[in-house]
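Asker: Got a predicted model here, sequence first, then my questions.
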Amino acid sequence: MPKIADIEDTPNPNAVKFILKERLTWGTARSFGSAEAAADDPLACALFAIPHVTNVYYMDKWITVTQDGEADWPKLVRDIAMPIREAEAAEKPEHEAVASFDDDDPRLAAIRKLLDEQVRPALVSDGGDLQIVGLDGNVLSIRYYGACGSCPSSLAGTLSAIGNLARTIEPDIEVQVV
């Protein structure tokens, strides 16, 4: 059963990040935007059963829960903590999975490297993350997860920073959130 080591606010006023003492996964992110999407995940399913929960994102030793803005955080945090404490800790896999990306496009590989080094660590520390969906011509498509998914900072400042970084690789790149 994962014990909660700390609870952190995120830049998104509707999301809270729980830091755990035990792993929920080993390098695999899990993101759920609805109760229906979470039906096969016992932890996410239990969290969506709590009124006001709108998004669940977790990876390794942390979990971010987003609410609809209508709940009182102190009470909601207590309600959310119970299923987290009851969740089973993940066992270390025999072989670690290696992520593979289609980085045949050198621009995409360079952009991914920049974002992995300069953007993703900050997003993860704030309870979120991003995924590069693709590069079509000069349009880079990204998707935000966790606290970043509905955060005003992500949709403005962070997106602008990502665009500026991408333009150091290719001056004409535009970034869009999908």
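Answerer: In hand now; what should we look at?
Asker: Which strands or helices does the worst-scoring helix or strand of the chain on mean pLDDT pack on?
Answerer: Across the helices and strands of the chain, mean confidence by mean pLDDT, DSSP states H and E is lowest for helix 152-153: a mean of 75. Applying 3 or more C-beta pairs under 8 Å, 6 or more residues apart in numbering; DSSP states H and E, we find helix 152-153 packed against no helix or strand. Glycine gets a C-beta too; all of them are placed from N, C-alpha and C.
Asker: List of residues touching the helix or strand following it?
Answerer: Toward the C-terminus, helix 152-153 is succeeded by helix 159-169 as the next helix or strand (DSSP states H and E). Residues from elsewhere that reach helix 159-169, judged by C-beta atoms under 8 Å, 6 or more residues apart in numbering: 107, 110-111, 114-115, 118-119, 130, 140, 142, 173-175, 177.
Asker: Arg143 sits in which helix or strand?
Answerer: For Arg143, the enclosing helix or strand under DSSP H and E is strand 139-146.
Asker: What is that strand packed up against?
Answerer: Strand 139-146 packs on strand 53-59, strand 128-136, helix 159-169, strand 174-177, going by 3+ C-beta pairs under 8 Å, 6+ apart.
Asker: Among the ones you listed, show me which one is buried the most.
Answerer: strand 53-59 (a mean of 24; mean count of other C-beta atoms under 10 Å).
Asker: ok so, going back, neighbouring strands of the strand holding Arg143 in the sheet, and parallel or not?
Answerer: strand 128-136 (antiparallel), strand 174-177 (parallel) (DSSP bridges).
Asker: Between those, which one is closest to Asp41.
Answerer: Smallest distance to Asp41 across the strands paired with strand 139-146 (C-beta to C-beta): 17.0 Å, for strand 128-136.
Asker: and that closest one, what's its mean pLDDT?
Answerer: Strand 128-136 comes out with an average pLDDT of 89.
Asker: Alpha carbons only: can I get that strand in CSV?
Answerer: What follows is strand 128-136 as a C-alpha-only set of coordinates in CSV (Å, rounded to 0.1, in the frame of the first residue of the first chain):
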residue,chain,number,x,y,z
GLY,A,128,2.0,17.1,-15.1
ASP,A,129,3.7,16.1,-18.2
LEU,A,130,3.5,16.5,-22.0
GLN,A,131,3.7,14.1,-24.9
ILE,A,132,4.8,15.0,-28.4
VAL,A,133,2.0,13.7,-30.6
GLY,A,134,3.8,14.5,-33.9
LEU,A,135,5.4,16.9,-36.3
ASP,A,136,3.4,17.5,-39.5
